[in-house]
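A.B. asks: 3D, please:
(one chain, ligands or ions: 1)
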Amino acid sequence: MKIGITCYPTYGGSGVVASELGIELAERGHQVHFISYEMPFKINKYYKNIYFHEVEVLEYPLFKYPPYSLSLSVKMAEIFESAGLDIMHVHYAIPHAASAYLAQSILGKDSNFKFITTLHGTDITIVGNHSSFFKLTKFCMENSSGITCVSNYLKQLTMETFDINKDIEVIYNFVDTSKYKRNKCDKSNLGLIKKDEFGIIHVSNFRPVKKIRNIIEVFCRVRKEINCKLILVGEGPELAFAKETVKRLDLSSKVFFLGRKDNVVPLLNCADLYLLPSKSESFGVSALEALSCEVPVIGTNVGGLKEVVADGVCGYLFDPDDIDSMSKASINILSDKNLFGKLSAGARETALKFDSKVIIPKYIEYYNKIIKS
Ligand code: GMT
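C.D. replies: Residues are numbered from 1 along each chain as shown. Model (predicted):
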């Protein structure tokens, strides 16, 4: 099959999932054409069957905001024809689904241009339902050839918020468990965590929804009882605040800010606990990656995280601001070897259910269904 993929190429869950999907499809012999303003950061080496088409954006004095989404639609139409694509798959509704709709209109009905929109979360919960986008998001979904959501929670929310009268397929996020796995080497080998310390980790784009302040607060309480360090990976709007808070609390020697990292597996291998106290999370792919490396998760009982982290099996879920319970649970996990062993085994078992070998065929099946429809 020849598949076009458009996503945000920079840091962010939807871009990561779209890139990993492209890599998995290419490894299975499909031809994948990424169309975006930049090469997705996860496509950081040569991959057979993967092509990249850069969208050029015209800067012109009249344009206060250069219209990227229009240039994107033209590029989609061009590549659909020149590469002979079978299907276009856009990740994150705004503006990608709108560009795809326009590309379809440019090419006309006879072109057989079909596009699938995958909703990831904030494209529905924050951006898409904003009054400036609501009608467009609804229109694009109703005019997509197919829609997928990354969790049942997101499907339900989308149907309720937008009153969508259309089938939505749930295809969960996935992880390559052969890459995301515990290596048995010493967790102190990166020089972050000492042999007798525990590592607590969080990976995200540091947006307010991630509640970074709660992570620091939980860490503050846990470290009073447990010899541990905090590893924060990623960057985003809350990073400066997080750094200031850590400095103010005199925790600079205990907290590592590592910035963006392409490969988090060695870092997850230093960790004993993953914290994700998000206010809302449509799936929580970073938690899944931690589980795959046998790291138990403390998360929140809101949104789609409940479909990934089974409470008491591979971690625990609490209300986003229940710092007290999160801290107590963290201390319990790190101080009780049996509990830790049970949860980390449960973590790996849970991750295996979301292995790419299980999930990627669902995308391929869905592509075929939409192409034939
Ligand atoms: O919040 C992020 O990390 C980025 C965001 C995005 O859309 O780029 O992630 C969303 O998509 C991920 C991949 O499907 C999901 O695993 C995340 O749960 C989701 N984030 C939120 O819903 C807040």
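
A.B. asks: Which residues of the stretch 151-300 of the chain lie near the ligand?
C.D. replies: Contacts of the stretch 151-300 of the chain with the ligand, taken as C-beta under 6 Å from any ligand atom, map to 173, 204, 205, 209, 278, 280, 281, 282, 283, 284, 285. Where you see a C-beta, it was placed from the backbone N, CA and C, and this is true even at glycine.

A.B. asks: So which of the residues you listed wins on neighbours?
C.D. replies: residue 281 (31 neighbours; other C-beta atoms under 10 Å).

A.B. asks: wouldn't it be in contact with residue 299 here?
C.D. replies: Yes: Residue 281 lies in contact with residue 299 (C-beta atoms under 8 Å); the separation is 7.3 Å.

A.B. asks: if we can go back for a sec, which members of the residues of the stretch 151-300 of the chain next to the ligand define the maximum pairwise distance?
C.D. replies: 173 and 209 (16.6 Å; C-beta to C-beta).

A.B. asks: Spell out whether the least confident helix or strand in the chain by mean pLDDT and the ligand are in contact.
C.D. replies: Here the helix or strand of the chain ranked lowest by mean pLDDT, DSSP states H and E is helix 122-125, holding a mean of 86. Yes: against the ligand, helix 122-125 shows contacts by C-beta under 6 Å from any ligand atom at residue 122.

A.B. asks: Counting by contacts, list what that helix packs against.
C.D. replies: Contacts defined by 3 or more C-beta pairs under 8 Å, 6 or more residues apart in numbering; DSSP states H and E place helix 122-125 against helix 93-107, helix 152-162.

A.B. asks: what's the distance between the next helix or strand after it and the middle of its chain?
C.D. replies: Note on helix 122-125: by DSSP states H and E, the next helix or strand toward the C-terminus is helix 134-143. Remark: helix 134-143 is offset 22 Å from the chain centroid, using C-alpha atoms, centre = their mean, to the nearest Å.

A.B. asks: For the stretch 1-150 of the chain, give me the ranges with low pLDDT.
C.D. replies: 11 (pLDDT under 70).

A.B. asks: Show me what the helix or strand where residue 80 lies packs onto, helices and strands only.
C.D. replies: Using DSSP H and E, the element containing residue 80 is helix 68-83. Counting by 3+ C-beta pairs under 8 Å, 6+ apart, the packing neighbours recorded for helix 68-83 are strand 2-6, strand 31-36, strand 50-54, helix 93-107.

A.B. asks: Can you dump the C-alpha atoms of the very next helix or strand once past the last one in PDB for me?
C.D. replies: In other words, helix 93-107. Counting by DSSP H and E, the element after helix 93-107 in chain order, helix or strand, is strand 115-119. C-alpha atoms of strand 115-119 as PDB (Å, rounded to 0.1, in the frame of the first residue of the first chain):
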ATOM      1  CA  PHE A 115      -8.400  10.500   4.000                       C
ATOM      2  CA  ILE A 116      -8.400   9.100   7.500                       C
ATOM      3  CA  THR A 117      -8.300  11.500  10.500                       C
ATOM      4  CA  THR A 118      -6.800  10.200  13.800                       C
ATOM      5  CA  LEU A 119      -7.900  12.200  16.800                       C
END
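
A.B. asks: touching the ligand at all, strand 115-119?
C.D. replies: No: judged by C-beta under 6 Å from any ligand atom, strand 115-119 stays clear of the ligand, getting no closer than 7.8 Å.

A.B. asks: in the protein, which spans are helices?
C.D. replies: 13-27, 68-83, 93-107, 122-125, 134-143, 152-162, 212-222, 239-248, 265-268, 285-292, 323-335, 337-353, 356-372 (DSSP state H).

A.B. asks: just those: most buried one?
C.D. replies: helix 285-292 (a mean of 28; mean count of other C-beta atoms under 10 Å).

A.B. asks: follow-up on the earlier one: TSV for the residues of the stretch 151-300 of the chain next to the ligand, including distance to residue 358 and pLDDT?
C.D. replies: Converted to TSV, these look like this (distance: C-beta to C-beta, whole Å; pLDDT from 0 to 100):
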residue	distance to residue 358	pLDDT
173	11	98
204	25	94
205	26	92
209	28	93
278	25	97
280	26	92
281	21	95
282	19	96
283	15	97
284	17	96
285	15	95
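
A.B. asks: of these, closest to residue 57?
C.D. replies: Closest to residue 57, out of all of those and judged by C-beta to C-beta, is residue 205, at 22.5 Å.

A.B. asks: for that closest one, what are its contacts?
C.D. replies: Shown in contact with residue 205 (C-beta atoms under 8 Å, 6 or more residues apart in numbering): 11, 12, 13, 234, 235, 236.

A.B. asks: switch the cut-off to 10 Å
C.D. replies: 10-13, 15, 234-239, 260, 286 (C-beta atoms under 10 Å, 6 or more residues apart in numbering).

A.B. asks: Next one: residue 212 from the ligand, what distance?
C.D. replies: 12 Å (C-beta to the nearest ligand atom, to the nearest Å).

A.B. asks: Next one, pLDDT for that residue please.
C.D. replies: What the model reports for residue 212 is a pLDDT of 97.

A.B. asks: I figured it hits residue 241, correct?
C.D. replies: Yes: contact criterion C-beta atoms under 10 Å: residue 212 and residue 241 qualify, at 7.2 Å.

A.B. asks: any residues in contact with both of those two?
C.D. replies: Common neighbours of residue 212 and residue 241 (C-beta under 10 Å, 6+ apart) are residue 206.

A.B. asks: Pull the contacting residues for the closest residue to residue 310 other than its chain neighbours.
C.D. replies: Excluding the flanking residues, the one nearest residue 310 by C-beta to C-beta, 6 or more residues apart in numbering is residue 350, at 6.2 Å. By C-beta under 10 Å, 6+ apart, the residues touching residue 350 are 287, 288, 291, 292, 297, 308, 309, 310, 313, 314, 315, 343.
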